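Trainee: Quick one: sequence and predicted model below, then my questions.
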Amino acid sequence: MSILVAEEMRDLELAKEILKQKNLSLVIVKEGETVFESRSSGIRGLLQAIEKLEERLSASSVADRVVGRAAALLLAYSHVNELYAATLSDGGLKVLEENSIPVEHDHLVPKILDKEGKNICPFEKFSITINSVDEAYNQLKAFTENLRRNQ
């Protein structure tokens, strides 16, 4: 096993451990260092990480509580190395596979539901219309800002 592969595995294990120990929603580790943590729900934490880290997000290891299609598109846009998702949607898995991002998950679900658990998550629903990983960030950021304004 190469040193690089061993380091990547350590990064993902470290991200998973921190996610669970601190009860966070998102942890990003790169080269043995925690570069981002969040308790934000939905994709807000991931959007904040992209804004803060920019290219430093590339080749990182990510642990996230819930990953649907929208989050998977943002992870692919950011060129992350690998992902652990406590809960992953079928649509999210498909995006990750299409972008060759290795993923570990605890629960695979047909779709991510909203906070009440009654309807499909608005981000999951909106992301169905996004076909380009390169456009995902701007479209999801605008959609999030629009939702916030209308609340």
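Mentor: On my side now, so go ahead.
Trainee: so who does the residue nearest to the spatial centre of the chain touch?
Mentor: Taking CA atoms, centre = their mean, the centroid of the chain lies closest to residue 71, which sits 4.3 Å from it. If you count contacts by CB atoms under 8 Å, 6 or more residues apart in numbering, residue 71 has them with 43, 46, 64, 92, 123. Any C-beta I mention is one placed from the backbone N, CA and C, and that applies to glycine too.
Trainee: Flag the shaky bits of this structure, pLDDT-wise.
Mentor: When residues are selected by pLDDT under 70, those of the chain lie in 1-9.
Trainee: quick one: the helices in it?
Mentor: Taking DSSP state H as the test, the helices found in the chain are 3-21, 44-53, 69-77, 90-98, 122-127, 133-149.
Trainee: closest to residue 105 out of those helices?
Mentor: Between residue 105 and the helices of the chain, the tightest spacing by CB to CB is seen for helix 90-98, at 7.7 Å.
Trainee: For that closest one, buried residues please.
Mentor: Of the residues in helix 90-98, 91, 92, 93, 95, 96 count as buried by neighbour count, 16 or more other CB atoms under 10 Å.
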